[in-house]
Every structure is written in structure tokens, then in C-alpha cells.
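Chemist: how would this look folded up:
(one chain, ligands or ions: 1)
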Amino acid sequence: MINYPNDSELLISVDKVSKKFCRNLKRSLLYGIQDICTELTGGNRHGDILRPQEFWALKDVSFQLRRGEALGLVGANGAGKSTLLRIISGLINPDTGTVKVRGKLAPLIALGAGFNPVLTGRENIYANMSILGLSTPEIEKRFDAVVDFAGIADAIDAPVQTYSSGMAARLGFACAVHIEPDVLLIDEVLAVGDINFRVKCYQRLAKLRESGTAFVLVSHNPHVVLNVCENSVYLAKGKLIKSGETEAVIRQYEEDVSLAGTDTALGMMFLPEKPESQSLGIDIVSLCFQDEHGNLLTSPLCGQLAYLSVECKAYKQVDNANLGVSITALSGQNERILYITSASDNEPLKILPGRVEIQMQMPYFCLLPGLYSAKIYIKEGVRSFDIVESFRFMVKAGKITSRSLFYQPRQWQVINHNNSKFKIQTLY
Ligand SMILES: Nc1ncnc2c1ncn2[C@@H]1O[C@H](COP(=O)(O)OP(=O)(O)OP(=O)(O)O)[C@@H](O)[C@H]1O
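Modeler: From the prediction side, this is the model:
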């Protein structure tokens, strides 16, 4: 049992919740029957032990939700998000751990959840809202507002099975928000429906929050979670990987997603040395990022100083070498986001025969946390010496975080024209 804290604002308390499933249907049925028999005879179900072909869909997950809070739930497909919402809403029981919910809870966890397809929209509003805890006179009072919000007045007396998925989603959302719940569980359903309806939903959610409703919101769209939720929980394979402030949670989630499938070492690259007979004059032999003391930076930090170091082996003198760096974001649309050449900076690079290190100093590393690939070349005029197609590196969050597409160094000042100038010296 949870020792319920003396916190009247606490609406949901999830404590060390685990849930196991079995992929084999026959075994799953067998285990179900075994569990029922064990429970009926008062035996121990051993919910904490996996039987053959079972796996943990959730393992030891804990978090709390307070009045007026919006909590994002993020994670890849199969991470356990829907399972967690189903447990909180009471649709399924956890194998171990406890969930405590205080107040009226409205689950919006599947399209048309709670709707009977053969009943009309009108009948479903009554059925659905009474399941969610409203009396008939209360439903009558809100009926017109629900139909108006859902925008389905024309179809209100048609069976719900004739509705499009967007119409069913509208009706589900309208019912849920009009019971004015203490807690609303939202599982991706806002992804359905057109843009106007989504905007209307988010406005309504903001209003509900002001009046104290708390949400748990599952979304695969990080921008939605960033905009709606101040705190988030990140699940992977049923385990809670990180919880806390949404920006930090989403950042770790995106870093993990972009790193998945990356097998090459990041942040440093050594190229095999070519025999002189195959060299075109200058060969790139290694690439890395460094700090101001020359130490290796396996992951440059957003907003902080970093040097790109390009080590070369030169077989001849070149007076006017041009180093080009083209950086592509690997998470996202794979578009080129930065293109720098020493030639366009009017910096002719003089290279003497032997080992040489070319450094490009970036006082404020402008890329946001994520995974990137840099294409790096060295040439003189149109004559190319060497090219590296993909130097992969990870940018991590520095002290400064941002929701923008790139980092902008900045300085602030306030000019009060009747007084002397007050300047804030700090650079961010
Ligand atoms: N009734 C069930 N029987 C067996 N396995 C199940 C059952 N329900 C869910 N699972 C499995 O549990 C794991 C977690 O599923 P869940 O639906 O909670 O993930 P999710 O994070 O919501 O994924 P998505 O983002 O794709 O909706 C998945 O591997 C899923 O296949």
C-alpha cells in the first residue's frame, strides 16, 4: 500500500508499477486461468517473476501527478506508454506496485473508447458521460455544449459506426472535457482531427488546466509535449529512463533515438593513412572536437566554445588551401544546416609539408543537442585534395538550453532614456 502523503494536491501516485505480458496467446490464456485460480484459493501469484515467454511491458515505474500539472509521456513504439495509461485508468491491473487516483478521471486512450458503434452519437454521449460519472440531469445541462464543441450536430442521430475517425475523436474529446475531470489521460488522440479542431482542443486543455485539471499526455510529437507539459516521463522497453523537466527529458529521448543504430564511434575519427603514391597532396588523417586546452570533446556542448580540429598529412606546400565543413542533422529531415568554408571567411590556409592541424574555433557552438554528420573537404581553388563524407558527432546540452532550431549567442540591455544606460554584461 502507498502511504498517501498529506498532499491534497496529489491526484495520481504511481508506485513501482510493473506489468508483464505474454506474446503466446495459448500460454497467455493458460497463465490467466492459473492466476485467477491462485487468487481464488488465496495463493501467491508471484507477480514479480516472469514465466516462460513473458516479458515486462512495464517495470518498476513510479511518478506522481498534482492538480493542474501536465505530464508528458514519451517513448518509442512499444515502450509501455499505453499500458501505463490503461493501468492508471483501471482497465487493467498491474502485476506489482500500486496506483492511487484521486478525483474524477477521464481516459481518452483510444479512438471512440467507450462508444458503442451501433448507438447514435446522442445515445453515446449519455452512455459515455454517465460512465465517466455524471448524472442524467448533469448530462442534459452539458449536452448542447458537447455537440457544439464536437461540431457534429448534423450527425448526432446517426450511429457512431458511420462516423469518420476524426468525428469519433471529436466526440470523445468533447465528452471527456465537458465532465470537467480532475485528471485527463490523453493517448495520441489529439493527433487525429484537423488543425482547427486540434487548436480548439489545446485551448480547451489550457482552460481546464487553469481550473485545476491535471493531464497525462502521450504523444510522439516532441513539440506538442514541449508546448503542453512542463514535466515528462521517458519510458524505454517498460523502464523509466528519465523523468523531470520536459526539455531535458525530450532531449535525452531524442539523443537516444538518434543514436539507435549508430555503430561508429562518435566524436573522433581516424582515417587510414594513404601511401604517398595515392595521395593528392594533402590527406586528412583525423577529425575531432577539442576544448580551449586541446582536450578531446567527444560531444561538443551547445552554446559553448569548441574547436574543430582537422589533422592532415601534407606532401607539399599549399599557400591557399580551403577547408569546407558541411553539417547535416541526422535526427529530423537530414537537411544541411551549416556550411562553412575558410575561403568564404577570407582565411587562406597556408600548409607546409609534414603533419599539420587546422583548427576552426567556434566560440559559441550553435547546434542544438542531437546527432550530426559533417562532410569535410580540403582543396585549393577547384583542385580537391581530400574529402571525408561522414564525420558523425553528438551535440549535448550545455548550461544554456533553447527550443529554437539553433543557438544564438546574445547580450541584453535596457535603455531607459531618462536615466543613464544600464547594460547587462552577461553573454548567454
Ligand atoms: N494485451 C497484450 N498482450 C501482449 N502484449 C501486449 C499487450 N498489450 C501490450 N503488449 C505489448 O506490451 C508492450 C508495450 O505496449 P504499449 O502499447 O504499452 O506501448 P506504447 O509505448 O504505447 O507503444 P506505441 O507508441 O506504439 O503506442 C509492447 O511490446 C506490446 O506489444
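Chemist: Run through who's touching the strand or helix carrying G72.
Modeler: Element membership of G72, judged by DSSP states H and E, is strand 70-74. If you take Cβ atoms under 8 Å, 6 or more residues apart in numbering as the criterion, strand 70-74 is touched by 63, 65, 81, 84-85, 205, 209, 214-220, 222, 225, 228-235, 246, 249-250, 253. In short, each C-beta sits where N, CA and C put it, glycine included.
Chemist: for the record, mean pLDDT for whatever helix or strand comes next after that strand?
Modeler: Proceeding N to C from strand 70-74, the next assigned helix or strand is helix 81-88, under DSSP H and E. For helix 81-88, mean pLDDT is 92.
Chemist: One more: stretch 164-175?
Modeler: 86.
Chemist: Okay, buried residues for that stretch please.
Modeler: 167-175 (16 or more other Cβ atoms under 10 Å).
Chemist: In JSON lines: the residues you listed, plus secondary structure.
Modeler: Output for the buried residues of stretch 164-175, formatted as JSON lines (DSSP: H, G, I helix; E, B strand; the rest coil):
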{"residue": "M167", "secondary structure": "helix"}
{"residue": "A168", "secondary structure": "helix"}
{"residue": "A169", "secondary structure": "helix"}
{"residue": "R170", "secondary structure": "helix"}
{"residue": "L171", "secondary structure": "helix"}
{"residue": "G172", "secondary structure": "helix"}
{"residue": "F173", "secondary structure": "helix"}
{"residue": "A174", "secondary structure": "helix"}
{"residue": "C175", "secondary structure": "helix"}
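Chemist: which one of those residues sits closest to the ligand?
Modeler: Lowest distance from the ligand to the buried residues of stretch 164-175 (Cβ to the nearest ligand atom) belongs to A169, with 15.6 Å.
Chemist: how near is the closest one to A150?
Modeler: Going from A169 to A150 by Cβ to Cβ, to the nearest Å gives 9 Å.
Chemist: Would you indicate which residues of the one helix or strand I33 maps to are buried?
Modeler: Using DSSP H and E, the element containing I33 is helix 25-40. Buried residues in helix 25-40, defined by neighbour count with 16+ other Cβ under 10 Å: 31, 35.
Chemist: and it, C-alpha only, in PDB?
Modeler: The C-alpha trace of helix 25-40 is given here as PDB (Å, rounded to 0.1, in the frame of the first residue of the first chain):
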ATOM      1  CA  LEU A  25      -1.900 -16.500 -26.900                       C
ATOM      2  CA  LYS A  26      -2.300 -20.000 -25.700                       C
ATOM      3  CA  ARG A  27       0.200 -19.500 -22.800                       C
ATOM      4  CA  SER A  28      -1.300 -16.200 -22.100                       C
ATOM      5  CA  LEU A  29      -4.800 -17.700 -21.600                       C
ATOM      6  CA  LEU A  30      -3.300 -20.500 -19.500                       C
ATOM      7  CA  TYR A  31      -1.500 -18.000 -17.300                       C
ATOM      8  CA  GLY A  32      -4.700 -16.000 -17.000                       C
ATOM      9  CA  ILE A  33      -6.600 -19.100 -15.700                       C
ATOM     10  CA  GLN A  34      -3.700 -20.000 -13.400                       C
ATOM     11  CA  ASP A  35      -3.700 -16.500 -11.900                       C
ATOM     12  CA  ILE A  36      -7.500 -16.500 -11.400                       C
ATOM     13  CA  CYS A  37      -7.300 -19.900  -9.600                       C
ATOM     14  CA  THR A  38      -4.400 -18.800  -7.500                       C
ATOM     15  CA  GLU A  39      -6.300 -15.600  -6.500                       C
ATOM     16  CA  LEU A  40      -9.500 -17.600  -5.700                       C
END
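Chemist: Could you list the low-pLDDT ranges of this structure?
Modeler: Within the chain, the stretches with pLDDT under 70 are 1-6, 110-113, 189-193, 195, 221-223, 254-255, 257-266, 331-334, 399-405, 419-428.
Chemist: what does it have sitting close to the ligand?
Modeler: For the chain, the contact set with the ligand under Cβ under 6 Å from any ligand atom comprises 21, 23, 57, 75, 77-83.
Chemist: Could you pick out the buried ones from those residues?
Modeler: Buried subset of the residues of the chain next to the ligand (neighbour count, 16+ other Cβ under 10 Å): 21, 57, 75, 79-83.
Chemist: Mind listing residues that contact stretch 26-44?
Modeler: Under the contact criterion Cβ under 8 Å, 6+ apart, stretch 26-44 has outside partners 21-22, 45, 51-54.
Chemist: Any chance of a ChimeraX selection covering the buried ones in these?
Modeler: Entered in ChimeraX, the line below selects the buried ones among these, by 16+ other Cβ under 10 Å:
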select :21,22,54
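Chemist: Can you tell me which of the contacts of stretch 26-44 is closest to the ligand?
Modeler: For the contacts of stretch 26-44, the closest approach to the ligand (Cβ to the nearest ligand atom) belongs to F21, at 3.4 Å.
Chemist: Provide a list of residues in contact with the nearest residue to the closest one once chain neighbours are set aside.
Modeler: Of all residues not flanking F21 in the chain, A57 sits nearest, at 4.9 Å (Cβ to Cβ, 6 or more residues apart in numbering). Residues near A57 by Cβ under 8 Å, 6+ apart: 19-21, 80, 83, 238.
Chemist: Mind picking the two most distant members of the residues you listed?
Modeler: K20 and G80 (11.0 Å; Cβ to Cβ).
Chemist: any chance you could map the strands in the stretch 251-400 of the chain?
Modeler: 268-270, 282-290, 296-297, 306-314, 318-329, 336-341, 349-351, 354-362, 370-380, 383-395 (DSSP state E, counting those that start in this stretch).
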